Each structure stands twice: as C-alpha cells, then as structure tokens.
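K.L.:
I'll drop the sequence and a predicted model, then ask my questions.
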Amino acid sequence: MLYYLEKGGFEVNTPLSEWYEQYQKNSAIQGVVWEKFLDPRSMTYAAYVKRQNHREIFLDTIFKHIDETRYDEERNQTWVNALSQTIGPLRFLWHGFQMIASYLGSMAPEGRLVITFAFQTMDEMSRIQRIAYRMRQLQYTYPNFGVSSLTEWQTSPTWQPLRKGLEHLLITFDWMEGFIALNGLFKPILDRLILVHYSELAKQQGD
C-alpha cells in the first residue's frame, strides 16, 4: 500500500513530503521494524465487518428493548443527572480519539498498521454514534438530557485535565509519539475507567 517507503520519498516534493520526513521518517522514536508487524487476530476487512455486524445486532436489540419496555421511565433521577453529565461529554473525548486514530493511519509507515488504524477509527466513530443514539432515547423521557454537554466538556472542572491532555495529543504530530500516547496510555486507561468501572457503577444503580 505504501509505495513511497521503498522509493525513499514521494514522487513530487511538496510541503506534505517535508511533513512525512519530519514526523514519520525522522520520528523521535526509532528502531522498530514495522514490516515485521502482524495482526495477531488477522483482522481483514471482511472479518471486521462480520464481527461488527454481530455487535450492532446485539446493540439494536438492547435499544429496541429499551423502547418497548419504557425502560428509561424507571431510572432514578439522580442517576439520570449523573449520566447526563458523563455520557454527553464523552462524545467529544471519543471524537478526539477518532481524529487521532485517523491521523495515525495517514502517517503509519506500514500497510498493516494503516488498516489497523482504519478499524480503530471506525470503532471510535461507532461509539460516538451509539452514544448519540442513546442520548436521543433518553431525551424522549428527559428532554433536557445532555443539552449542556458541550458546556460541561468546555468548562466543568471535572473534564478540564482530560480535555487539556486530549488537545495536546491532537497536536502531537510525531506519529510514534502519538501512537504511544493514544494506544499505550490514554485509551487503555480511559476505556477501563468508562467501560469497566463506570459500567459497574451503572449496575449498582440498577441500570
């Protein structure tokens, strides 16, 4: 896929060529032979679509059940308020992850990495879409749910350290630094916090 690597550069020198020279070829972190990278799951596009299809069917079933049983009417108002302050702003966090994964895919020095980052980008976009769908469901019962999520993200003291870190990451142009920061630090920590610990908190609230 990445013909320019073997050629030693792009066919025509443009400002884009200098960008790749500085932030990919001359990355601050060197010594990794990316040609040896193999995806342990051997995730092809066809396998990815098949896996995602099963997940989407599962989520669609949950959302349908929520609508049919009027599930949201039984939620505790205090918990709904906590959700509103959490899952709304998460859209901005995950959109940042999606943008960074897209950039890393455009800068990656090996074809298999490009594909991996493409899948990661689609995963993040899927999360954003599902959160937005769930918020809209909740708004049918709680019309003000999430309406202040942008303000929460931009001004709430709870979110500012994370927002600052994310914005620094969005201007980390060195592809290897960005790769380590996103997939070695930010994403594993936050995924565990949100998808494991916050999920346990929801269960304690009967949600």
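P.N.:
That came through fine. Just so it is clear, the model here is predicted, and its values are computed rather than measured. Residues are numbered from 1 along each chain as shown.
K.L.:
spatially central residue for this structure, please.
P.N.:
Closest to where the C-alpha atoms of the chain average out (C-alpha atoms, centre = their mean) is E124, at 3.4 Å.
K.L.:
A132 against W94, yeah?
P.N.:
No - taking contacts as C-beta atoms under 8 Å, A132 lies outside contact range of W94: 10.4 Å. The way it works is simple: take the backbone N, C-alpha and C, and place the C-beta from them, glycine included.
K.L.:
what about the two, which has more around it?
P.N.:
With neighbours defined as other C-beta atoms under 10 Å, A132 and W94 compare such that W94 has more, 22 against 14.
K.L.:
what are the buried residues along whichever helix or strand the more buried one is part of?
P.N.:
Using DSSP states H and E, W94 maps to helix 77-107. Neighbour counts using 16 or more other C-beta atoms under 10 Å place 80, 83-94, 96-98, 100-105, 107 of helix 77-107 among the buried residues.
K.L.:
and that helix, what's its mean pLDDT?
P.N.:
The pLDDT scores in helix 77-107 average 94.
K.L.:
just stretch 155-169 next, same as before
P.N.:
The average pLDDT for stretch 155-169 rounds to 95.
K.L.:
can I get the CA coordinates of that stretch in CSV?
P.N.:
The C-alpha trace of stretch 155-169 is given here as CSV (Å, rounded to 0.1, in the frame of the first residue of the first chain):
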residue,chain,number,x,y,z
THR,A,155,-16.0,24.4,31.5
SER,A,156,-16.6,21.7,34.1
PRO,A,157,-13.5,21.3,36.4
THR,A,158,-14.1,17.5,36.2
TRP,A,159,-13.3,17.4,32.5
GLN,A,160,-10.6,20.0,32.1
PRO,A,161,-7.5,17.9,32.9
LEU,A,162,-8.7,15.3,30.3
ARG,A,163,-9.6,17.9,27.8
LYS,A,164,-6.2,19.5,28.1
GLY,A,165,-4.5,16.2,27.6
LEU,A,166,-6.6,15.4,24.6
GLU,A,167,-5.9,18.8,23.0
HIS,A,168,-2.2,18.3,23.5
LEU,A,169,-2.5,14.9,21.9
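K.L.:
pLDDT weak spots in this structure?
P.N.:
1, 3-8 (pLDDT under 70).
K.L.:
could you pull out the helices for it?
P.N.:
Using DSSP state H, the helices of the chain run over residues 3-7, 15-20, 45-69, 77-107, 111-141, 149-155, 160-170, 175-180, 187-192, 198-204.
K.L.:
wait, which of the ones you listed is closest to D39?
P.N.:
Evaluated with C-beta to C-beta, the helices of the chain place helix 111-141 nearest to D39, the distance being 6.1 Å.
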